[in-house]
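build the 3D model from these lines:
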Amino acid sequence: MQMKPRPESDREKSSDAPLKALARAFAALERPQDVQAFLRDLCTPAELEAMADRWRVVPLLRKGVPYREIHDLTGVSVTTIGRVARSLEHGAGGYAAAIERIAARKTESN
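Purely as a prediction, here's the structure:
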């Protein structure tokens with residue numbers, strides 16, 4: 001059973017403003033090398049590795065590869081793989097949007 005969405009409080013709305021500003025900064029960057037430079041300035045090496053690991057398992061999960069096999073192929077923890085799988089299934093749709101955009105660009109360039 002799905003829960004009813006609760007109205008956002010003023011505090012939650014204001015705390016979302018920095019995330020929206022960060023998202024606008026990403027959206028303003030058109031070239032992958034600019035995004036990479038921004039990420040390197042913004043994140044620690046450990047944060048970059050964690051995000052890259054999450055992104056690396058997305059296509060494998062979408063292909064239906066079992067968690068243990070993904071772990072064996074990538075070295076990414078089964079816990080992280082499970083988190084990514086939950087986000088793919090019940091998240092905000094960010095992974096799907098990125099995958100669709102990448103696929104559309106590949107189609108356009110062919």
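
next SSE after the helix or strand bottoming out on mean pLDDT in the chain?
In the chain, no helix or strand scores lower on mean pLDDT, DSSP states H and E than helix 10-28, which sits at a mean of 86. Counting by DSSP states H and E, the next helix or strand C-terminal to helix 10-28 is helix 32-42.

other SSEs contacting that following helix?
helix 10-28, helix 45-62 (3 or more Cβ pairs under 8 Å, 6 or more residues apart in numbering; DSSP states H and E). Where you see a C-beta, it was placed from the backbone N, CA and C, and this is true even at glycine.

to Thr80, which of these lies closest?
helix 45-62 (6.2 Å; Cβ to Cβ).

can you say which of the helices and strands packed on helix 32-42 is packed in most?
helix 45-62 (a mean of 14; mean count of other Cβ atoms under 10 Å).

quickly note the distance from Gly64 to Leu73.
14 Å (Cβ to Cβ, to the nearest Å).
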